[in-house]
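Participant: sequence unavailable; structure follows:
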Ligand code: GDP
Ligand code: MG
């Protein structure tokens with residue numbers, strides 16, 4: 001039998017090389033990287049492991065089906081699997097004409113049109129239908145289809161090749177503060193900023209850019225000012241993740257409240273570690289033990305209680321415990337080994353954006369990988385431009401921003417939306433092309449939506 005490399009087996013199992021390496025290490029099987037070769041026994045063991053107990057995260061039925069199909073290739077022993085494998089999976093673009101779609105699924109145009117009418121969509125042979133419509137019709141015929149990856153954007157330079165380990169450098173952690181209203185989120189951020197303001201700066205008016213940076217023991221920490229809940233919901237709706245650690249602020253005199261629970265579930269869903277800031281400990285009616293009890297009842301077990309969540313008592317009002325909190329943040333960040341590659345075109349996420357009367361579209365963005373420079377052509381959601389100027393969190397003009405830097409940028413054609421991803425690209429032309437394509441897609445989607453709605457209206461009147 002020929003040697004199997006880690007990445008080959010990972011591909012076959014439908015998991016990432018990193019995940020496979022992790023699993024191998026759990027089992028005390030030493031591997032160096034994704035090119036390492038595996039012996040026959042190991043390969044067998046891993047196949048058993050992954051085929052016998054599909055991973056919990058894979059709830060998506062499609063993925064399970066895929067897995068079953070693969071299972072069939074390897075082991076010809078289950079009827080159910082046989083059935084699953086008979087299903088065809090066809091790759092399809094985002095939108096497709098009825099004609100092309102019919103050819104792909106090997107049905108007649110009239111059969112497809114009949115099904116479309118059943119869905120309330122009237123389209124002729126040359127009209128486009130969107131992927132979701134195509135998918136539901138295909139399913140009706142017992143055929144499964146999958147979305148084609150957006151190759152165009154890859155060709156245009158938005159491809160994200162994984163960074164080589166030797167190119168990765170440590171980067172600062174990005175923190176979001178969450179918690180119930182009035183428990184002291186804003187006060188805590190203010191207190192944190194104050195610990196770091198030198199006497200000279202204190203009097204100066206600094207421009208607010210939606211994020212702040214502090215330095216502790218020579219290490220940087222980035223705080224997003226956007227209320228954590230919004231950051232998590234709007235960002236996650238777009239598949240963006242910007243937070244490395246979530247600070248959960250709980251007022252010691254009030255305890256776990258509805259938005260505390262919401263915050264806990266956001267952090268858990270995003271798989272982001274939490275640090276509890278037990279605030280308002282200066283209050284006479286503060287009751288830390290009760291809060292710890294309530295937290296434990298809601299799935300947050302702090303260290304003192306045998307769990308692994310760090311809890312730091314603080315008073316945002318009096319500035320007490322803030323240094324300790326910052327040190328704990330660095331400790332948790334260190335365990336995460338956060339890294340990025342500063343030597344490439346920047347990518348990241350839009351934190352907030354607005355149209356400023358005098359300055360035009362202004363966006364606060366978080367550089368997550370690469371380095372953004374003044375003059376770089378850039379794409380952010382459906383807007384593009386060239387970075388004309390960059391302000392850091394202290395309101396200073398800067399020329400370049402590396403990984404984990406929040407900056408306000410000028411020079412975009414429109415205000416993008418919070419949660420939009422951004423990419424610096426090689427040429428203006430590329431930025432324009434990408435955005436034109438994205439805009440066309442948005443137009444088409446909204447046209448399709450209108451067509452469906454008006455049809456529903458039509459039926460209402462019959
Ligand atoms: P947010 O809604 O979570 O942003 O809460 P704020 O920061 O606006 O604080 C709500 C109220 O609690 C304000 O009146 C603060 O002055 C007060 N507050 C915040 N932190 C503390 C604290 O540590 N001790 C006391 N006594 N009051 C606090
Ligand atoms: Mg507030």
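Facilitator: Structure's in. What do you need? Quantities reported herein were computed from a predicted structural model and do not represent experimental measurements. Ligands and ions are numbered 1, 2, ... in the order given.

Participant: OK, contacts around residue 331?
Facilitator: residue 310 (Cβ atoms under 8 Å, 6 or more residues apart in numbering). For glycine as for every other residue, the C-beta is placed from the backbone atoms N, C-alpha and C.

Participant: so what pLDDT did it get?
Facilitator: If you check residue 331, the pLDDT there is 93.

Participant: what of residue 357?
Facilitator: 92.

Participant: got it, and residue 90?
Facilitator: For residue 90, the pLDDT comes out at 78.

Participant: quick check: it touching residue 144?
Facilitator: Yes: between residue 90 and residue 144 there is a contact under Cβ atoms under 8 Å: 7.4 Å.

Participant: tell me which of those two has more neighbours.
Facilitator: Shown here are residue 90 and residue 144; by other Cβ atoms under 10 Å, residue 144 has more neighbours (18 against 15).

Participant: which residues does that one form beta bridges with?
Facilitator: Residue 144 has these beta-bridge partners by DSSP bridges: residue 89.

Participant: for residue 56, report the pLDDT, please.
Facilitator: Residue 56 carries a pLDDT score of 47 in this model.

Participant: check residue 171 too.
Facilitator: 97.

Participant: one more: residue 30?
Facilitator: The model's pLDDT for residue 30 equals 77.

Participant: so it: helix, strand or coil?
Facilitator: coil (DSSP: H, G, I helix; E, B strand; the rest coil).

Participant: check contacts around residue 297.
Facilitator: By Cβ under 8 Å, 6+ apart, the neighbours of residue 297 are residue 256.

Participant: what's across from residue 365 in the sheet?
Facilitator: Beta-bridge partners recorded for residue 365 (DSSP bridges): residue 350, residue 407.

Participant: who are the contact partners of it?
Facilitator: Counting by Cβ under 8 Å, 6+ apart, residue 365 touches 348-351, 372, 380, 406-409, 422.

Participant: which non-adjacent residue is nearest residue 50?
Facilitator: Spatial nearest neighbour of residue 50, chain neighbours left out: residue 13 (4.7 Å); criterion: Cβ to Cβ, 6 or more residues apart in numbering.

Participant: sorry, back to before: return the item of the contacts of residue 365 having minimum pLDDT.
Facilitator: For the contacts of residue 365, the weakest pLDDT value sits at residue 351, with 89.

Participant: now do the phi/psi pair for the closest residue to ligand 2 within the chain.
Facilitator: Proximity of the chain to ligand 2 (Cβ to the ion) peaks at residue 186, 3.3 Å away. The phi/psi pair for residue 186 (degrees, to the nearest 10) reads phi -60, psi -40.

Participant: and the helices in the stretch 1-150 of the chain?
Facilitator: Per DSSP state H, counting those that start in this stretch, the stretch 1-150 of the chain carries helices over the ranges 6-13, 17-26, 40-52, 61-74, 79-86, 98-105, 109-118, 131-140.

Participant: any chance of the ones you listed in TSV, plus mean pLDDT?
Facilitator: Shown next, in TSV, are those (pLDDT from 0 to 100):
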stretch	mean pLDDT
helix 6-13	82
helix 17-26	83
helix 40-52	81
helix 61-74	43
helix 79-86	38
helix 98-105	92
helix 109-118	91
helix 131-140	86
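
Participant: with distance to ligand 1 and mean neighbour count added, can I get the ones you listed in CSV?
Facilitator: Putting the helices of the stretch 1-150 of the chain into CSV (distance: least, Cβ to the nearest ligand atom, whole Å; neighbours: other Cβ atoms under 10 Å) gives the following:
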stretch, distance to ligand 1, mean neighbour count
helix 6-13, 44, 18
helix 17-26, 37, 15
helix 40-52, 44, 15
helix 61-74, 39, 15
helix 79-86, 50, 13
helix 98-105, 51, 18
helix 109-118, 50, 16
helix 131-140, 39, 18
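
Participant: could I get these as TSV with distance to residue 226?
Facilitator: What follows is the helices of the stretch 1-150 of the chain, written out as TSV (distance: least, Cβ to Cβ, whole Å):
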stretch	distance to residue 226
helix 6-13	36
helix 17-26	30
helix 40-52	39
helix 61-74	32
helix 79-86	44
helix 98-105	41
helix 109-118	42
helix 131-140	31
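
Participant: and the ones you listed: which comes nearest residue 400?
Facilitator: Residue 400 lies closest to helix 17-26 among the helices of the stretch 1-150 of the chain, at 29.5 Å (Cβ to Cβ).

Participant: how about stretch 285-294: buried residues?
Facilitator: 286, 288, 291-292, 294 (16 or more other Cβ atoms under 10 Å).
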